[in-house]
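**Q** what's the 3D shape of this:
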Amino acid sequence: MSGEHASTRMIEGYARGGTHLAADEVWALEAHLEACGPCRDRLTAAVTAEAPAVAELVATVWSGLEPRLADTAPLSRRRHRRARLSRWLTPAMVPWLAMAVGVTLLALLLDLVGTGLGEVSLVLLFAPVLPVLGVAASWSRGLDPAYELTSAAPRAGLDLVLRRTASVLALVVPALLVAGWLTGVTAAQWLLPCLAFTSATLALGGVVGVARAAAALAGVWAAVVVAPTLVTSRTAVALETGSLPVWGVVLALGTAVVIARRGAYSAGGAPR
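**A** Reported below is the predicted structural model:
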């Protein structure tokens, strides 16, 4: 890409089938074409010049579709809002988000009635891994039936993954804030581990898949932190305030890996 528009080389190469363009150039160009009318006009001219057979085929298909499209009702406001919401959420995430919020409420209830682990807050114990449930469903081939279509879209990639992750945090974090406030757990104790776990899930997910990464990290947390806490009824070292700098380092490293491997979330490099 050069300046505000695509280069002539990319436009003409794409018109010839894109075989001589790198995969990231193809995805960048397709995303750019969605919002750039002048470049779409240039592509139309390039297709006419470089691939007249394709231009003729498109004209034939369009002549058959145009009368039907004219009779199609315009998109309603409700459907338009749903279309915009789909950029941030997917239906596959809903049950997992409901589970995360449900576990938060259950942990809060057990803490309030005093049937938890003594001085150890269950909200604090489970908070770091709760958003991972929604993150796993937000970009998972096995959990999202529309994964193939979504990952093949021009705007698929890190931007979409981060949008969906942000939507998960926007729903789970407020529930944890309320639960922490009611149980006397400070936000600093759980928020940093929560964000660190989320970034680590995305970072590892770029290699083995987000669902597998979430399952692996949740398993490690259960074995290293949850199980010993259940046995000893004492707050694990990982949840003490002295461990917050370590969580900060994990968050920074996870974020850096996600940015460095951003191509792993496109259709060409999407983990399975």
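**Q** Flag every buried residue along stretch 241-255.
**A** Neighbour-count burial for stretch 241-255, counted by 16 or more other Cβ atoms under 10 Å, picks out 247, 250-251, 254-255. In this view, the C-beta of every residue, glycine as well, is placed from N, C-alpha and C.
**Q** I misspoke; the intended subject was stretch 26-43.
**A** For stretch 26-43, by 16+ other Cβ under 10 Å, it's 26-29, 31-33, 36, 39, 42-43.
**Q** Distance of residue 15 relative to residue 9?
**A** 11 Å (Cβ to Cβ, to the nearest Å).
**Q** Quick check: what element follows the worst-scoring helix or strand of the chain on mean pLDDT along the chain?
**A** Within the chain, confidence by mean pLDDT, DSSP states H and E is lowest for helix 77-85 among all helices and strands, at a mean of 55. Counting by DSSP states H and E, the next helix or strand C-terminal to helix 77-85 is helix 93-113.
**Q** if we can go back for a sec, quick one: which of the buried residues of stretch 241-255 sit in strands?
**A** For those, not one is inside strands, with DSSP state E as the criterion.
**Q** So which of the residues you listed sit within helices?
**A** Per DSSP state H, helices hold the following members of the buried residues of stretch 241-255: 247, 250-251, 254-255.
**Q** Make a markdown table from the buried residues of stretch 241-255 and add distance to residue 207 and pLDDT to it.
**A** Compiled in a markdown table, the buried residues of stretch 241-255 are given as follows (distance: Cβ to Cβ, whole Å; pLDDT from 0 to 100):
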| residue | distance to residue 207 | pLDDT |
| --- | --- | --- |
| 247 | 21 | 90 |
| 250 | 16 | 91 |
| 251 | 18 | 92 |
| 254 | 12 | 90 |
| 255 | 16 | 90 |
